[in-house]
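Undergrad: with the sequence up front, the predicted model follows.
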Amino acid sequence: MDYRVPLLLTPQATGGYTVTSPLLPELVTEGNSVSEALENVKDALAAVIELYEDLGRSLP
């Protein structure tokens, strides 16, 4: 299944990027480059979806 989630990429002072989502505050990941950070979003989103399912919550 495909999901569209707004993402915020924030540069880190020491290099790399932190990725968060205003829609899913539980989604937090990072990467050394933009492409790595966005690739890591896949695993982070899967974990958030699993968390919501475990808690019986529906996704926003």
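TA: Noted; the coordinates are in hand. Numbering: from 1, shown residues only.
Undergrad: now do the contacts for residue 32.
TA: Residue 32 is in contact with 15, 16, counting by C-beta atoms under 8 Å, 6 or more residues apart in numbering. Where C-beta positions appear, they are placed from N, C-alpha and C, glycine not excepted.
Undergrad: let's see 10 Å
TA: For residue 32, the contacting residues are 12, 15, 16, 17, 40, taking C-beta atoms under 10 Å, 6 or more residues apart in numbering as the criterion.
Undergrad: closest to residue 54 among these?
TA: Closest approach to residue 54 among those (C-beta to C-beta): residue 40, at 21.1 Å.
Undergrad: need phi/psi at residue 52.
TA: Geometry field for residue 52 lists phi and psi as phi -60, psi -40, criterion degrees, to the nearest 10.
Undergrad: number of residues surrounding it?
TA: A count of nearby residues for residue 52, using other C-beta atoms under 10 Å, gives 15.
Undergrad: same check, this time on residue 21
TA: Applying the criterion other C-beta under 10 Å, we find 19 residues in the vicinity of residue 21.
Undergrad: so it touches residue 7, yeah?
TA: Yes: at 5.5 Å, residue 21 counts as touching residue 7 under the criterion of C-beta atoms under 10 Å.
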